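Novice: next input, structure requested:
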Amino acid sequence: MAEEANVLATIPRNATEQLQISINSYKDKKYLDLRIYYTTDDGANWLPTKKGVTISPDNLVTLKDAVEKAMEELLTVEEE
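Specialist: Numbers count the residues shown, from 1 in each chain. Predicted coordinates:
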């Protein structure tokens, strides 16, 4: 049986879609999952779509560095 995902964050996209950032496991290996979820019942249940990205632990530092660079660039632009 699959282990339940550990949801780290949820980012709303609109009334029926959200991005869920979670840690999942598959075949006893953990990975980071960024996936679009949708609802048809006003948010009572959220279901995953095929739209998403799975990131292995080996690539987390690269992702972190890219997010930090994006924050520097985008947040600096907003402040000007």
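Novice: tell me the SS of residue 43?
Specialist: Put simply, residue 43 is coil when judged by DSSP: H, G, I helix; E, B strand; the rest coil.
Novice: quick check: it vs residue 17, distance?
Specialist: 11 Å (Cβ to Cβ, to the nearest Å). Heads up, the C-betas are built off the backbone N, CA and C, glycines and all.
Novice: neighbour count: those two, which is higher?
Specialist: More neighbours surround residue 17 than the other of residue 43 and residue 17, with 15 against 11 (other Cβ atoms under 10 Å).
Novice: tell me if I'm right that the more buried one and residue 37 touch.
Specialist: Yes: counting by Cβ atoms under 8 Å, residue 37 is a contact partner of residue 17 at 7.0 Å.
Novice: so where is the protein shaky, pLDDT-wise?
Specialist: Along the chain, segments meeting pLDDT under 70 span 1-3, 77-80.
Novice: would you map the strands across it?
Specialist: 6-12, 17-26, 29-38, 47-55 (DSSP state E).
Novice: please tabulate the ones you listed in TSV, including the columns distance to residue 63.
Specialist: Shown next, in TSV, are these (distance: least, Cβ to Cβ, whole Å):
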stretch	distance to residue 63
strand 6-12	13
strand 17-26	11
strand 29-38	8
strand 47-55	6
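Novice: which one of the ones you listed lies closest to residue 61?
Specialist: strand 47-55 (10.7 Å; Cβ to Cβ).
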